[in-house]
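Chemist: build the 3D model from these lines:
(one chain, ligands or ions: 1)
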Amino acid sequence: MAEQFLHRAGVRPVFKQVRCETVLYRVLGDPDRDRRRPGLRSRGIFRASVVRALQLGGYGGPTRMRLLIVADIHGNRAALEAIREPFDACVCVGDLVDYGPEPAPCVEWVRQNAAYCVRGNHDHGAAQNVEIPGSGGFRYLTSVTRPHAVASLTPDQRRFLADLPTSRMFTLGGKRFLIVHATPRDPMDEYAPAEENFWRPRLAGLKVDYLLVGHTHQPYKLQVDDTLIVNPGSVGLSRDGDPRAAYAIIDGDDVQFKRVEYPIDETIQAVEAVTTDATARQMLTDVFRTGGMPTRWMRNGTNGNGTH
Ligand SMILES: [Fe+2]
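Modeler: Just a heads-up that it's a prediction; the model follows:
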């Protein structure tokens with residue numbers, strides 16, 4: 001049975017069969033999971049992601065891999081679709097929704113393509129329908145755009161976000177990875193600069209080659225002792241003054257930060273179609289066009305980073 005399924009899924013026996021059967025049994029034969037997630041679709045996708053992980057080196061596959069690292073997609077489908085990179089595995093570091101006008105296709109893309117994903121603060125907020133009070137900057141945009149995110153996601157998509165772990169550890173291509181949206185100490189909310197002194201205590205006791213993070217929307221890499229911290233920047237809501245979509249490629253030991261132009265007008269048109277608040281529409285237009293929050297939208301000298 002397992003062999004037939006794997007064959008249909010295009011998986012070839014590059015891993016130990018015994019491990020494969022164990023995983024398949026756990027995925028396919030868990031009645032509690034089936035009760036929690038009725039419908040073949042979610043089980044199929046989950047099953048596919050497990051098979052993909054198996055295929056891609058987690059259990060003894062190829063040693064050199066090309067990884068696509070994405071974070072902070074924020075409902076910007078046009079930006080996400082502009083990324084056309086070949087990859088062996090995609091890793092998503094959270095914040096699929098809020099701000100942008102098309103959260104549902106972004107969630108579906110991640111479900112279909114990401115072998116590993118963690119929950120960001122915005123994923124958590126949308127899954128739990130958390131209301132954010134805020135009068136300025138990004139907090140205001142969160143307060144205005146969250147109802148749209150909640151309304152446009154299906155119950156199944158919100159369950160997917162709610163079920164995402166806040167951190168994950170895995171091995172790919174012979175390298176040990178930890179992924180977390182913000183920091184290991186505060187997985188969804190802590191704002192982490194590219195500073196050795198900030199990171200060293202947060203890495204204590206962690207023996208990983210790579211720590212992949214997002215949240216700041218600022219691309220960087222930082223070597224701290226034996227761990228390379230990589231933040232790919234934001235796919236859908238840049239904040240470093242470059243409005244292009246940001247992502248990273250890890251190819252063996254090589255880390256590349258990339259930017260790609262996307263049809264910003266398409267995103268803005270979608271914003272205008274779904275955002276009833278005129279101020280938020282203009283703010284989002286400015287952010288998408290400039291890759292940051294213009295000072296005229298800041299309150300009390302802040303840009304509302306608290307929920308970012
Ligand atoms: Fe974010």
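Chemist: buried residues of stretch 224-242, list them for me.
Modeler: Residues 224, 227-240 are the ones in stretch 224-242 that count as buried (16 or more other Cβ atoms under 10 Å). Where you see a C-beta, it was placed from the backbone N, CA and C, and this is true even at glycine.
Chemist: can you tell me which of those are in strands?
Modeler: Val224, Thr227, Leu228, Ile229, Val230, Asn231 (DSSP state E).
Chemist: that older thread, just the closest of the buried residues of stretch 224-242 to Ala270, please.
Modeler: Using Cβ to Cβ, Gly236 is the member of the buried residues of stretch 224-242 that lies nearest Ala270, at 11.6 Å.
Chemist: quick one: that closest one from Asp123, how far?
Modeler: 13 Å (Cβ to Cβ, to the nearest Å).
Chemist: Phe170 now?
Modeler: Applying Cβ to Cβ to Phe170 and Asp123 gives a distance of 19 Å.
Chemist: of these two, who's got more company?
Modeler: Higher neighbour count among Phe170 and Asp123: Asp123, with 29 against 17, using other Cβ atoms under 10 Å.
Chemist: hmm, back to that, got CSV for the ones in strands among the buried residues of stretch 224-242, with pLDDT too?
Modeler: Below are these laid out as CSV (pLDDT from 0 to 100):
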residue, pLDDT
Val224, 98
Thr227, 98
Leu228, 98
Ile229, 98
Val230, 98
Asn231, 98
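Chemist: show me which residues of the chain are close to the ion?
Modeler: Asp72, Asp95 (Cβ under 5 Å from the ion).
Chemist: what stretches of the chain score poorly on pLDDT?
Modeler: Applying pLDDT under 70 to the chain flags the ranges 1-62, 299-308.
Chemist: need the strands for the stretch 51-200 of the chain, in chain order.
Modeler: 66-70, 89-92, 114-117, 167-172, 175-180 (DSSP state E, counting those that start in this stretch).
Chemist: again with the stretch 201-308 of the chain
Modeler: Using DSSP E, counting those that start in this stretch, strands in the stretch 201-308 of the chain cover 210-212, 220-224, 227-231, 245-251, 254-260.
Chemist: tell me what the last one is packed against?
Modeler: Right, strand 254-260. For strand 254-260, the packing partners by 3 or more Cβ pairs under 8 Å, 6 or more residues apart in numbering; DSSP states H and E come out as strand 245-251.
Chemist: the strand it packs on vs strand 167-172, what angle?
Modeler: On the basis of axes from the mean of the first three to the mean of the last three Cα atoms, to 10 degrees, strand 245-251 is oriented at 40 degrees to strand 167-172.
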